[in-house]
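Q: just need the structure, nothing else, for what follows:
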Amino acid sequence: MKVGLLRAVGVATAVYGMAVTAVPALLARPSGLVDEEGRTGRATRTSLRPLAWRDAVSGLALAVAPEGPALRTAAYVRIAADFGDAVLLGATLPGRDRKLAAVAVSVGWGALSVAGLLTGGRREVMSRPASGPLQA
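A: As a prediction, the model looks like this:
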């Protein structure tokens, strides 16, 4: 597991999630969820904030979870969220280009977490306790 990569994904996701929670237009504009004047409607802002908060909290968990099962679980949550976003946004956003961009971004972030889980980093080596007359 590459802990540093997982932590970096977590921090970036948490920061982005907090930013979109505060300013939903950061996600609404590139997603095409704005009106003709480029404004984000109240219902859209209301709908995007929980999604952004999910990203903020799951990113924070990935950034601070203790190494081991807790970090692995936080990574699985992020992967599920990112790949779920790819499926749902790819199926529902307006316009082919926006759909493709959303899928690419979501799969890209999910793939970073997968890479963090699957690639080597620090490995713990289990050693047997010494025994016998020369035991230290």
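
Q: correct me, but residue 63 touches residue 15?
A: No. Contact between residue 63 and residue 15 fails when scored by CB atoms under 8 Å: they sit 9.6 Å apart. Backbone N, C-alpha and C define where each C-beta goes, glycine included.

Q: between these two, who's got more neighbours?
A: Taking other CB atoms under 10 Å, residue 63 and residue 15 do not tie; residue 63 has more neighbours (19 against 15).

Q: next helix or strand past the strand or helix carrying that one?
A: Per DSSP states H and E: residue 63 is located in helix 42-64. Later in the chain than helix 42-64, the nearest helix or strand by DSSP H and E is helix 69-92.

Q: how about that next one, which residues are buried there?
A: 71, 74-75, 77-79, 81-83, 85-86, 89-90 (16 or more other CB atoms under 10 Å).

Q: what about the chain, any weak spots by pLDDT?
A: Across the chain, the ranges flagged by pLDDT under 70 are 121-136.

Q: need the contact list for the residue nearest in space to the middle of it.
A: Residue closest to the mean C-alpha point of the chain, counted by CA atoms, centre = their mean, is residue 78 at 4.2 Å. Counting by CB atoms under 8 Å, 6 or more residues apart in numbering, residue 78 touches 9, 10, 13, 58, 59, 62, 109, 110, 113.

Q: do residue 73 as well
A: residue 65.

Q: how close does it sit to residue 65?
A: 7 Å (CB to CB, to the nearest Å).

Q: go on, residue 110?
A: 17 Å.

Q: for residue 47, same thing?
A: Distance from residue 47 to residue 65, by CB to CB: 28 Å.

Q: how far away is the residue nearest to residue 78 when sequence neighbours are not counted from residue 37?
A: Excluding the flanking residues, the one nearest residue 78 by CB to CB, 6 or more residues apart in numbering is residue 113, at 4.9 Å. Distance, residue 113 to residue 37, by CB to CB: 37 Å.
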